[in-house]
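Novice: Model the following, please.
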Amino acid sequence: MIKKLFPPLSQASQTGYFFFLVVLIRLFFNGVIPLMDKTEARYAEIARLMAETGEWVVLQIDYGIPFWAKPPLSTWASALSIQLFGAAEFFVRLPYALVCIAMALFLGRYTSTKNQSIFLPGLILLCLPEFFLHVGVVSTDVFLAFSVAMVMLSFWEGMQKDSKSYWRYLFFVGMGLGLLAKGPIVGILTVPPLFLWCLMNKEARPRLFLFPWVLGSLLTLAIALPWYGLAEMRSPGFIDYFIIGEHFRRYLDSSWSGDKYGFPKQQPLGMIWLFLIGAILPYAFFFMQKVGARFREMLSHPWLQFLLFWLLWTPLFFTSSKSLIHPYTLPVMVPVALIIVHFWEEARHKNTLIYGGLAFPLLAVMIYFSGTIDGVFQANSDKTLVEAYAGKDLYAFKKKSYSSQFYSQGKIQVITAEELLGHYDSIPLLISKKDYKKIESPLKERLQGQVFSSKKEVYLYVASPPPPISQN
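Specialist: Numbers count the residues shown, from 1 in each chain. Prediction:
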């Protein structure tokens with residue numbers, strides 16, 4: 001009876017079912033997890049400011065303070081979503097989810113056999129921890145990864161016999177979007193592996209002349225150059241900081257003192273490779289075993305060679321840099337997934353790999369509902385503390401976080417100890433525990449604890465009465 005009501009799913013149906021299950025899990029998290037400091041809340045606040053002020057050219061990190069560190073593509077997407085649907089976390093993150101889901105679905109055209117489900121490449125991609133994480137993280141990395149994938153896959157398609165001409169134009173569109181997503185790094189991550197692949201494939205070189213290099217380059221410039229020009233005109237100094245500072249000084253010096261917005265990212269040389277291994281768990285062993293055993297064969301296979309050069313170039317490029325973070329591996333999650341798909345039929349334990357990939361999102365659900373990570377959310381986001389004082393004037397002692405800016409709709413104000421002592425109104429005050437320990441009397445005596453998290457507290461500052469007015 002049970003088998004009649006619930007017949008066993010075919011492998012293709014099962015893969016599709018798991019694909020949409022992972023998508024639903026990630027969308028659920030996009031709605032319930034607060035925006036996290038520092039990176040995610042920062043970009044969310046920049047987008048909120050853009051939507052509120054209507055300033056779509058110069059990004060702002062606070063009212064009237066320009067943000068020069070990144071181009072606007074991801075901010076435009078979040079700001080547009082905020083204008084259309086509101087500033088709830090789900091809608092701030094919605095553009096990133098849609099881009100990642102679109103990438104996962106598009107990979108369905110690269111199955112290695114006719115019998116494979118079109119959802120298999122996307123399912124593998126979604127279950128890579130680095131990619132699953134970014135299906136809802138507000139940052140510039142998702143749109144960079146999307147642009148890199150568009151450049152690389154459009155180039156591959158454009159180099160095939162009898163390919164449609166639009167692929168060769170999409171190659172230049174991807175370059176333009178990449179310049180708006182994260183800047184010239186899109187060319188740094190794509191041109192060298194493409195050049196090397198062309199060098200190794202003589203028979204494909206004549207098809208390079210089919211690309212509209214002049215018109216395509218003009219198309220790239222038409223997409224990206226107007227914003228760069230307007231941003232420099234309306235905020236002089238942007239080009240020097242972004243192009244020279246963010247792309248060269250940051251790469252060469254992890255302790256770059258000119259960084260206006262971030263923090264030093266000191267990592268051991270070669271750390272990018274460990275990030276990469278962690279990013280592709282639990283497929284890492286299968287992936288490395290296949291690549292190691294079939295490396296020479298891959299170099300003689302145009303498609304696998306293309307994916308291999310795409311995959312290896314990014315970590316090779318960042319090997320010599322100490323200034324890096326794990327999202328730098330995100331642009332190579334697509335070639336990782338496609339290499340796994342190519343060797344999928346050789347896997348002895350396909351179900352083990354599938355269920356192993358599902359373990360990460362399912363474990364995340366279990367941990368979330370267990371409540372064991374509530375403290376992590378509270379420690380890295382001021383949402384709970386700010387919302388406890390909704391509608392009231394909330395102050396931050398010495399400095400404010402990006403999440404407190406976002407959840408207070410930009411209304412939270414910074415106040416110093418000297419300003420507090422001259423304040424004659426009782427006010428709620430957001431203080432980090434580190435700063436609280438350094439506060440001395442008589443200020444500390446006027447603070448009454450009210451709402452707490454693991455790293456911050458909201459105190460009620462009890463003001464002293466104003467001095468009496470002289471009768472003389």
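Novice: in this structure, which helix or strand is least confident?
Specialist: In the chain, the helix or strand scored least confidently by mean pLDDT, DSSP states H and E is helix 2-5, which has a mean of 43.
Novice: In the next helix or strand after that one, which residues are buried?
Specialist: Counting by DSSP states H and E, the next helix or strand C-terminal to helix 2-5 is helix 11-32. Under the neighbour-count criterion of 16 or more other C-beta atoms under 10 Å, helix 11-32 has 14-16, 18-19, 22-23, 25-30 buried. (Each C-beta comes from the backbone N, C-alpha and C, glycine too.)
Novice: now swap in stretch 210-224 and tell me
Specialist: Neighbour counts using 16+ other C-beta under 10 Å place F211, G216, L219, T220, I223, A224 of stretch 210-224 among the buried residues.
Novice: Tell me where this protein is predicted with low confidence.
Specialist: By pLDDT under 70, the low-scoring segments of the chain are 1-12, 247-265, 423-424, 451-454, 463-472.
Novice: now the strands for the stretch 51-200 of the chain?
Specialist: 60-62, 65-66 (DSSP state E, counting those that start in this stretch).
Novice: S432 is nearest to which of those strands?
Specialist: Closest to S432 of those is strand 60-62 (C-beta to C-beta; 18.8 Å).
Novice: Neighbouring strands of the closest one in the sheet, and parallel or not?
Specialist: Paired neighbours of strand 60-62 in the sheet (DSSP bridges): strand 65-66 (antiparallel).
Novice: which residues sit against the strand or helix carrying P428?
Specialist: Element membership for P428, per DSSP H and E: strand 427-432. Under the criterion C-beta atoms under 8 Å, 6 or more residues apart in numbering, residues 382, 385-386, 389, 392-397, 400, 404, 412, 415, 420, 439, 447, 450, 455-461, 463 lie in contact with strand 427-432.
Novice: Can you give me the neighbour number for P331?
Specialist: Residues near P331, counting by other C-beta atoms under 10 Å, number 27.
Novice: Wasn't it part of a strand?
Specialist: No: using DSSP: H, G, I helix; E, B strand; the rest coil, the assignment for P331 is helix, not a strand.
Novice: Touching, it and T314? I think so.
Specialist: Yes: using C-beta atoms under 8 Å, P331 is in contact with T314, at 5.8 Å.
Novice: any residues in contact with both of the two?
Specialist: L189.
Novice: which residues does G176 contact?
Specialist: Listed by C-beta under 8 Å, 6+ apart, the contact set of G176 reads L219, T220, L221, A222, I223, A224.
Novice: would CSV of those with distance to H349 and secondary structure be doable?
Specialist: Listed next are the contacts of G176 as CSV, based on distance: C-beta to C-beta, whole Å; DSSP: H, G, I helix; E, B strand; the rest coil:
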residue, distance to H349, secondary structure
L219, 47, helix
T220, 45, helix
L221, 50, helix
A222, 50, helix
I223, 45, helix
A224, 46, helix
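Novice: burial of R296, as a residue count?
Specialist: 8.
Novice: And it, which helix or strand is it part of?
Specialist: Here R296, judged by DSSP H and E, is contained in helix 295-299.
Novice: Touching that helix from outside, list them.
Specialist: M200, V291, L304, Q305, L308.
Novice: Buried subset of those as a PyMOL selection?
Specialist: This is the PyMOL syntax for the buried subset of the contacts of helix 295-299, where burial follows 16+ other C-beta under 10 Å:
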select buried, resi 291+304+305+308
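Novice: Nearest to W76 among the contacts of helix 295-299?
Specialist: Taking C-beta to C-beta as the measure, W76 lies nearest L308 of these, at 34.0 Å.
Novice: Excluding residues flanking it in the chain, which one is nearest that closest one?
Specialist: M298 (5.3 Å; C-beta to C-beta, 6 or more residues apart in numbering).
Novice: Please identify the buried residues of the helix holding R296?
Specialist: Using 16+ other C-beta under 10 Å as the test for burial, helix 295-299 gives M298.
Novice: Tell me which other helices or strands the helix or strand following that helix touches.
Specialist: Using DSSP H and E, the helix or strand that follows helix 295-299 in sequence is helix 302-319. Packing contacts for helix 302-319, counted by 3 or more C-beta pairs under 8 Å, 6 or more residues apart in numbering; DSSP states H and E, involve helix 141-158, helix 185-200, helix 271-279, helix 295-299, helix 333-342.
Novice: can you give me the angle the second one makes with helix 302-319?
Specialist: Taking axes from the mean of the first three to the mean of the last three C-alpha atoms, to 10 degrees, helix 185-200 and helix 302-319 form an angle of 130 degrees between their directions.
Novice: And helix 185-200, what does it pack against?
Specialist: Going by 3+ C-beta pairs under 8 Å, 6+ apart, helix 185-200 lies up against helix 141-158, helix 165-181, helix 302-319.
Novice: now A69: how far from T416?
Specialist: With the distance defined as C-beta to C-beta, to the nearest Å, A69 ends up 27 Å from T416.
Novice: Turn the contacts of G176 into JSON lines, including distance to I280.
Specialist: What follows is the contacts of G176, written out as JSON lines (distance: C-beta to C-beta, whole Å):
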{"residue": "L219", "distance to I280": "34"}
{"residue": "T220", "distance to I280": "31"}
{"residue": "L221", "distance to I280": "35"}
{"residue": "A222", "distance to I280": "37"}
{"residue": "I223", "distance to I280": "32"}
{"residue": "A224", "distance to I280": "31"}
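Novice: Quick check: the farthest pair among the residues you listed?
Specialist: Of all pairs drawn from those, the one with the longest distance (C-beta to C-beta) is L219 and A224, at 9.9 Å.
Novice: one step back: could you tell me which of the contacts of strand 427-432 count as buried?
Specialist: Using 16+ other C-beta under 10 Å, the buried ones in the contacts of strand 427-432 are 382, 385-386, 389, 394-397, 400, 404, 412, 415, 420, 439, 447, 456-461.
Novice: My read is that L324 contacts P315, right?
Specialist: No: shown here, L324 and P315 do not form a contact pair, counting by C-beta under 8 Å, at 9.8 Å.
Novice: what's the overlap in contacts for those two?
Specialist: Taking C-beta under 8 Å, 6+ apart as the contact rule, L324 and P315 both touch I272.
Novice: Count residues in the vicinity of the residue nearest to I188 when sequence neighbours are not counted, would you?
Specialist: Nearest residue to I188, sequence neighbours excluded (C-beta to C-beta, 6+ apart): F317, at 6.9 Å. By other C-beta under 10 Å, 17 other residues sit near F317.
Novice: ok, now which ones touch F317?
Specialist: Counting by C-beta under 8 Å, 6+ apart, F317 has contacts I188, L189, P192.
Novice: Straight-line length of stretch 56-72, end to end?
Specialist: With C-alpha to C-alpha, to the nearest Å as the measure, stretch 56-72 spans 8 Å from end to end.
Novice: ok, residues contacting that stretch?
Specialist: Applying C-beta under 8 Å, 6+ apart, the external contacts of stretch 56-72 come out as 42, 45-46, 49-50, 53, 75-76, 79, 140, 179-183, 227-228, 230-231, 234-235, 237-238, 241-242, 246, 260-262, 405, 410.
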